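Trainee: Need coordinates for the following:
(chains A and B)
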Amino acid sequence: MQKFKIKKYIDNSNVSRFRFWIQLLSFFIFVYGGYFFIEIGSRLPMFSCPYVQGSPGGCYLIGVQHELNTTWSSIFSPRGISILKSLGIFLIFFLFLNKAWCGYVCPLGTLQDWITRLRKSLGFSFVRYGEVRFKKLKVIKYLILFLLILIPLAINNSFFGAPKLPHGMHTPFCQICPARIILPLFNGDTSQIFVDFTDRSTIIMTSLGLIVAAIFFVGSFVKKRFFCFFCPMSALQFLFSKIGFLRLIKDGDKCTRCGNCSRVCDVGITAIADDILSKNIVKDDCMMCFKCVEACPEEGALKVKVVSFDLFSATEEGFFKRYGQDKDYEGPKK
Amino acid sequence: MNKILQNVTFIVFLLFGLQAISQETIWLSNSPPDAMKKEVKASGMHRYSSLISKKRGGKTKGDSKTKKSKYQKNATDSTSKKDQKSEKKKGESSYKRPSTKYAHWLREGSSIKDSKYVSLADSTDYQLIMMSPEGKSESIELVKDKASYAKFELNEEGYHNAYLIIKKGLGDTLHINISKAELLSHSCRNGHHKKLEARPVRYYPEISEFEVIRQRHPYEDYHFFTSSGDTETFKTILDGEALEGVKVTINTEKGWSRTLMTDKNGEINTEFIQDYFSNWKELNTRKIYYYMLQADYTLKKDIHYNGKDYKYIHYTVTMSDGYRPSKTMYTSMFWGLIIFLITTLVSVIGVFIYKERRKRPYKEVRFNESNK
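Mentor: Predicted coordinates:
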């Protein structure tokens, strides 16, 4: 009986409010945690940027770029084991929260949510991509992921006789990542706002980084979770999301295709409403914020599961409570 | 008369000679001799130690194609034999454990500019010790060649301390020359688990009574390197206690020199000058210039050493490291801000135009319901 009460309490709760506090705490830990001697790890599946002085950990992407900045002979020697080891550590971290790392923990994602709040409070309207543009743009993150693997390799190895890339392009994604420039600002560190005039490659990469950072601010102001749409970490996570312990499950038989879930989705995923065949509904752009579950009025149509255990389910009562329409709720359907 | 004059001249020259011997300072240099500069690779992350052999599993380019120098041949031959023996003992397969050897060369002189690469005489009374970041003794070997060098491996991540201690009695003074090297072992490829452990500094009074240490910066990590314009703090320590009034001389590769006395905390603060001036096209931001630091202190203490009694101990401690061109020389925050602001402005205008174009003019549609 107690078990049902707890389940009911969770199902009726406001997850977005809970998420706000988790994000705030995570932001504090991943931007200032190092000052409190917190050490989490260096292969984390989100932007815990090592350029931030107070960061307690490191993002996996910087590690993988460093590791691949070597020769083929080194990669295919026992040294290559360290690459697999890093991937293993990344996966261990990733499996627990799956893509919820983006929705709940990533400081850059949190920052975008705060910019969205600011926009709302100022009364500006937001932009949503159309169906066709959505499909075209989502490819970009895979392209960036491919390049961040290819470029470090091409610095030390020649591909088909082509000249090697200059050393100035090392850790190419970090050089254009807005986290490198923006997150240190929260530590009062402005040292990442610079153009490196060493050679052409460094001028291009550092300038590109500043351009991306500026677009990040403007983009996040008009589009919810603007950068997540192009984030290579999101693409990498999706490759392993099927084996994550945390799952978002849909029961197509219970779905009425009302479209509430896709309307509240910050990223604008329409498949969550349209796809009634898939059970695992985690898409590559999903950040597992579970707003869709909150907005679903159909009993058990959407569920958050930890492996096979139901953690949070869509309920009619929860829907009415969260949206302040308790009076309209007439009790469970018979 | 001539004989007396000859004898006096001989004695004067002898005294000058002895004086010269007593002032010779041996120090450990991370820069290889000119003859080896093409063959020896500088490795920045490892506190600019020089790489003399590199084996990663199979044959490296250098093993098969490049002709090895006399120095390099000696170094690699001796290590490979040892490696092979140990591998046979362990019964391992033909794979050779990744092993990277580094070297620090012995130089003699009180300034970088005038120091020569020397070979240590067999009769020299010396101790060569290396301590790991965890404070454990490590293997280090002195290769006596045309230019002698200390050869070592850096496996454990962190700062390793190497000491070459040479003792020599002269008159009533025992001269102790301590050549110290702080060697950083770090590879980003292995992750950054111990990033905060660049501090604190380790020193070993039980090995070297007199020592000089470079104080770490508050947020220093393993990626840190000294640049022109940076202020560094060095501390002199005698038997584990800070020592005031020690003469410390710093000189750089280009001949700049500065002498300071330590304060009551045993510290000196010095700013590194800009030594690097380059044409824009030839700018090398990883260019390393070397500095050498020497601290001298005489202690009145009766000591018995090698069957002789001495009234004084004269300590000379040396330490050398590198520094790079200042970042402000080749980076611009001004241009960074300009690019950032222009992009922001262009993006805002772009978004505004986009939104304006999506607005549809108001069009009133009226339905006449009576026609239905």
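
Trainee: ranges for the strands of the stretch 101-250 of chain A?
Mentor: Using DSSP state E, counting those that start in this stretch, the strands found in the stretch 101-250 of chain A span residues A:195-196, A:246-250.

Trainee: Which strands or helices does the last one pack on?
Mentor: Just to be clear, that refers to strand A:246-250. On a contact count with 3 or more CB pairs under 8 Å, 6 or more residues apart in numbering or on different chains; DSSP states H and E, strand A:246-250 meets strand A:302-306. To be clear about C-beta, it is placed using only N, CA and C from the backbone, and glycine gets the same treatment.

Trainee: Secondary structure element for B:Leu28, which one?
Mentor: strand B:26-29 (DSSP states H and E).

Trainee: Any buried residues in that strand, and which?
Mentor: For strand B:26-29, the neighbour count (16 or more other CB atoms under 10 Å in any protein chain shown) marks B:Ile26, B:Trp27, B:Leu28, B:Ser29 as buried.

Trainee: Low-confidence stretches in chain B?
Mentor: B:1, B:5, B:8-23, B:36-100, B:189-199, B:370-372 (pLDDT under 70).

Trainee: how about the helices of it, start to end?
Mentor: Taking DSSP state H, the helices of chain B run over residues B:2-23, B:61-64, B:70-90, B:333-358.

Trainee: Pretty sure A:Gly54 sits against A:Val31.
Mentor: Yes. Using CB atoms under 8 Å, A:Gly54 is in contact with A:Val31, at 5.8 Å.

Trainee: Which one of those two is surrounded by more residues?
Mentor: More neighbours surround A:Val31 than the other of A:Gly54 and A:Val31, with 24 against 21 (other CB atoms under 10 Å in any protein chain shown).

Trainee: Could I get the contacting residues of that one?
Mentor: Taking CB atoms under 8 Å, 6 or more residues apart in numbering or on different chains, we find A:Val31 in contact with A:Val52, A:Gly54, A:Ser55, A:Pro107, A:Leu183, A:Phe186, A:Asn187.

Trainee: hmm, back to that, anything in contact with each of A:Gly54 and A:Val31?
Mentor: A:Asn187.

Trainee: Could you pull out the buried residues of stretch A:157-172?
Mentor: Residues of stretch A:157-172 classed as buried by neighbour count (16+ other CB under 10 Å): A:Asn157, A:Leu165, A:Gly168, A:Met169, A:His170, A:Thr171, A:Pro172.

Trainee: Now for the residue nearest to the fourth one when sequence neighbours are not counted: which residues touch it?
Mentor: Closest residue to A:Met169 apart from its sequence neighbours, by CB to CB, 6 or more residues apart in numbering or on different chains: A:Ser201 at 5.1 Å. Taking CB under 8 Å, 6+ apart, we find A:Ser201 in contact with A:Leu165, A:Pro166, A:His167, A:Gly168, A:Met169.

Trainee: Okay, helices next: where are they in the stretch 1-150 of chain A?
Mentor: Secondary structure of the stretch 1-150 of chain A (DSSP state H, counting those that start in this stretch): helices located at A:2-12, A:15-32, A:60-68, A:72-75, A:80-97, A:100, A:107-122, A:131-137, A:140-156.

Trainee: So which residues on the stretch 51-200 of chain A come close to chain B?
Mentor: Proximity of the stretch 51-200 of chain A to chain B is confined to A:53, A:58, A:63, A:66-67, A:69-70, A:73-74, A:77-79, A:82, A:86, A:125, A:127, A:190, A:193-199 under the rule CB under 8 Å from any CB of the partner chain.

Trainee: Quick check: A:Leu236 vs B:Asp114, distance?
Mentor: Distance of A:Leu236 to B:Asp114, given as CB to CB, to the nearest Å: 56 Å.

Trainee: contacting residues for residue 211?
Mentor: No chain was given, so I picked chain A. Neighbouring residues of A:Ile211 by CB under 8 Å, 6+ apart: B:Ile339, B:Phe340, B:Thr343.

Trainee: think we crossed wires, I meant chain B
Mentor: Per CB under 8 Å, 6+ apart, neighbours of B:Glu211: B:Ile178, B:Lys180, B:Tyr203, B:Tyr204, B:Pro205, B:Thr236, B:Ile237, B:Leu238, B:Val317.

Trainee: Throw together a ChimeraX command that grabs the buried residues out of the residues of the stretch 51-200 of chain A next to chain B.
Mentor: Here is the ChimeraX selection string for the buried members of these, based on 16+ other CB under 10 Å:
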select /A:53,58,63,66,67,69,70,73,74,77,79,82,86,193,194,195,196,197,198,199
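
Trainee: Excluding chain neighbours, give the residue nearest to B:Asp309 in space.
Mentor: Per CB to CB, 6+ apart, closest to B:Asp309 is B:Asp302, 6.8 Å.

Trainee: shouldn't the one you found be in contact with B:Tyr310?
Mentor: Yes. Between B:Asp302 and B:Tyr310 there is a contact under CB under 8 Å: 7.4 Å.

Trainee: And those two? Which one has more around it.
Mentor: For B:Asp302 versus B:Tyr310, neighbours defined as other CB under 10 Å are more numerous around B:Tyr310 (19 against 10).

Trainee: From what I see, that one and B:Leu170 are in contact.
Mentor: No. Judged on CB under 8 Å, B:Tyr310 makes no contact with B:Leu170 at a distance of 9.0 Å.

Trainee: For stretch B:274-284, buried residues please.
Mentor: B:Gln274, B:Asp275, B:Tyr276.

Trainee: Phi first, then psi, for the first one.
Mentor: Okay, so that is B:Gln274. Dihedral pair for B:Gln274: phi -80, psi 120, per degrees, to the nearest 10.

Trainee: so what's it up against?
Mentor: Contact analysis of B:Gln274 by CB under 8 Å, 6+ apart lists B:Ser228, B:Gly229, B:Pro325, B:Ser326, B:Met329.

Trainee: With distance to A:Tyr142 and neighbour count added, can I get those residues in TSV?
Mentor: Compiled in TSV, those are given as follows (distance: CB to CB, whole Å; neighbours: other CB atoms under 10 Å in any protein chain shown):
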residue	distance to A:Tyr142	neighbour count
B:Ser228	43	19
B:Gly229	43	15
B:Pro325	39	23
B:Ser326	40	16
B:Met329	39	18
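
Trainee: So which of the residues you listed sit within strands?
Mentor: Among the contacts of B:Gln274, no member falls in strands (DSSP state E).

Trainee: in chain A, what spans have low per-residue confidence?
Mentor: In chain A, residues with pLDDT under 70: A:1-2, A:325-334.

Trainee: Leaving out sequence neighbours, find the closest residue to the residue nearest the centre of it.
Mentor: Centroid-nearest residue in chain A: A:Cys102, 2.9 Å away (criterion: CA atoms, centre = their mean). Using CB to CB, 6+ apart and skipping the chain neighbours, the partner closest in space to A:Cys102 is A:Met287 (3.8 Å).
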